[in-house]
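**Student:** make a model of this:
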Amino acid sequence: MPSSDSVQRQRPHLALTMGDPASIGPEIILKALVDPRLTQTCDLTVIGTRSLLHQTYQQLYSTVQPLADPDSFPIIDIPLDSNTISQIIPGCGNAASGQASFTYLETAITQTLEGKFDSIVTAPIAKSCWKAAGYHYPGQTEVLAQKAQVDRFGMLFVGRSPYTGWTLRTLLATTHIPLNQVSQTLTPQLMSLKLDLLINCLEQDFAIKNPKIVISGLNPHSGENGQLGTEEKDWLLPWLETAKTQYPNVELLGLIPPDTLWIKPAQAWYGKPLTVGQTGDPSRDQPTLTMNNPADAYLALYHDQGLIPVKLMAFDQAINTTIGLPFIRTSPDHGTAFDIAGKGIARDTSLKAAIILAAELTQQRLK
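**Tutor:** Model (predicted):
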């Protein structure tokens, strides 16, 4: 929760975890922290291992500029013994790097809950390395929720278009589960929980009242009246009608077929309205423009339904935001990229966007 000092100064204090130290995490942190926009919007403290940041700095300094000197920004140093350090090699994630990244996250959560930080920005981790180290979690989201003692949380992906300035917000109803478990996991209770979280987040963190929210169907063509799947007909549509009654000040649209759901968001992202014919016969029709009216948020029902379009549009801009926590948490929407770790070619765009968004959302809460 926000510290009393931050409430007084209206300047958020963010914890930035180093992520897996064998990943691109150390590199993108050193690249990002030279951007003056970050220091102008928040106070930032890195939680990681100082010696590993120095190693990355020394390795890349002669070929990559600009880089932030690790001595130029605050670090909560998590020292590692020499045996562990020797096992952490860029590009080679293992149990040692998994243990380190888990400790960084634990430290950030503990100190944030104690009021030392207002928000957390997390660099990428590898679930396989966590598992090798003995930590069996689907991801950082679930660790944050467990340690914050909340059971109502969600994964919201946010991206601001570099072409139009429009903001895409996509919440996942289900997250890291196999595809064959999606229809069993989805229930009216789960949908209500996610929708309630989304509405509260839009109002509390984005200052959007009376939002417009588009909800996806599950099956091709949203089931086509039971011909291509019965979930929509059996319970999703009745659930949606109940939700419209429950939230009269929210415009709820759906269930939109998944293959057409993302047309208007793409138009809003790129600034190009769709050209269509009036009858579908190109020999007879003159093209007309479909007016774009994007929503404030989109509710996708499973992981790839939401994240394939998000990453196609906003791979370098998208940010993973955990909603439902007592503090703001953001993360770049990319992984550890072990294949390019230590090569100096990783892009820091998404990390900088995650830091800036965390600062903006925290300032909104501090108001």
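**Student:** only C-alpha atoms for contact and neighbour calcs from this point on.
**Tutor:** Noted.
**Student:** what's the pLDDT at I208?
**Tutor:** Listed pLDDT for I208 reads 96.
**Student:** that one: what's it in contact with?
**Tutor:** By Cα atoms under 8 Å, 6 or more residues apart in numbering, the contact list for I208 reads L202.
**Student:** helix, strand or coil: sort out it for me.
**Tutor:** On the three-state scheme (DSSP: H, G, I helix; E, B strand; the rest coil), I208 is labelled coil.
**Student:** please report the distance of it from T17.
**Tutor:** 29 Å (Cα to Cα, to the nearest Å).
**Student:** quick one: the strands in the stretch 1-150 of the chain?
**Tutor:** Taking DSSP state E, counting those that start in this stretch as the criterion, the stretch 1-150 of the chain carries its strands at 13-17, 43-48, 75-77, 119-122.
**Student:** helix or strand with the lowest mean pLDDT in this protein?
**Tutor:** In the chain, no helix or strand scores lower on mean pLDDT, DSSP states H and E than strand 288-289, which sits at a mean of 36.
**Student:** show me how the protein divides into domains.
**Tutor:** Annotated domains of the chain cover 1-150+325-367, 152-324 [automatic domain parsing].
**Student:** tell me the most buried of these?
**Tutor:** For the domains of the chain, the largest average neighbour count (mean count of other Cα atoms under 10 Å) is found in domain 1-150+325-367, namely a mean of 20.
**Student:** just say helix, strand or coil for the spatially most central residue of the chain.
**Tutor:** The centroid of the chain falls nearest to N320 when counting by Cα atoms, centre = their mean (0.4 Å). Under the three-state scheme (three-state DSSP), N320 adopts strand.
**Student:** could you list every residue that touches it?
**Tutor:** Going by Cα under 8 Å, 6+ apart, N320 touches 155-158, 330-333, 354.
**Student:** try it again with 6 Å
**Tutor:** Applying Cα atoms under 6 Å, 6 or more residues apart in numbering, one finds that N320 lies in contact with 156-157, 330-331, 333.
**Student:** can you tell me how far it is from L168?
**Tutor:** For N320, the distance to L168 - Cα to Cα - is 12 Å.
**Student:** what about the nearest residue to L60 once chain neighbours are set aside, which helix or strand?
**Tutor:** Once flanking residues are discounted, L60 sits nearest to G344: 6.3 Å by Cα to Cα, 6 or more residues apart in numbering. Counting by DSSP states H and E, no helix or strand carries G344.
**Student:** how close does G344 sit to S350?
**Tutor:** Counting by Cα to Cα, the gap from G344 to S350 is 16 Å.
**Student:** which residues in the stretch 1-150 of the chain form helices?
**Tutor:** Listed in chain order, the helices of the stretch 1-150 of the chain (DSSP state H, counting those that start in this stretch) span 4-9, 25-32, 36-41, 50-60, 82-87, 95-113, 127-132, 140-147.
**Student:** ok, the stretch 201-350 of the chain next?
**Tutor:** Per DSSP H, counting those that start in this stretch, the stretch 201-350 of the chain carries helices over the ranges 231, 237-246, 263-270, 303-314, 349-366.
**Student:** look at the closest residue to P309 other than its chain neighbours and report its pLDDT.
**Tutor:** Once flanking residues are discounted, P309 sits nearest to W262: 7.0 Å by Cα to Cα, 6+ apart. With respect to pLDDT, W262 scores 95.
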